[in-house]
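Participant: Here is a sequence together with a model predicted from it:
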Amino acid sequence: FQIRWYGLMYLVGFAACWLAARLRTRTLPGWESSERLNDLLFYTAMGVVLGGRIGYMLFYGLPDWLDSPAQIFKIWQG
């Protein structure tokens, strides 16, 4: 298990966005509790991670992916 710099930057970015969004949405109706914001951040993070993997496979590993579609699950490669 290796920790990469860009993984840490994703973590810092998500934390900063959560904090900024939490401060901005406190006064908006319907956003008083942090549950809705946490759900939004979770789905955003999933979209970023899955989109990044799919983008990597399309731009850099398309021949490998076409030969073996299971390559998309090998997240330790790429």
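Facilitator: Received it, and whenever you're ready, just let me know what you need. These numbers were taken from a predicted model, which means no experiment stands behind them.
Participant: State the number of residues packed around Asn38.
Facilitator: The tally of other residues near Asn38 (other CB atoms under 10 Å) stands at 12. Every C-beta, even on glycine, is put in place using the N, C-alpha and C of the backbone.
Participant: now do Arg4
Facilitator: For Arg4, the count of nearby residues is 8 (other CB under 10 Å).
Participant: Counting neighbours, which bits of the longest helix out of those in the chain end up buried?
Facilitator: Using DSSP state H, we find that the single longest helix of the chain is helix 34-60. Neighbour-count burial for helix 34-60, counted by 16 or more other CB atoms under 10 Å, picks out 37, 41, 45, 53, 57.
Participant: Would you mind pulling the contact partners of the helix or strand that it is followed by?
Facilitator: Following helix 34-60 in sequence order, the next helix or strand is helix 62-67 (DSSP states H and E). Residues from elsewhere that reach helix 62-67, judged by CB atoms under 8 Å, 6 or more residues apart in numbering: 57-58, 71-72.
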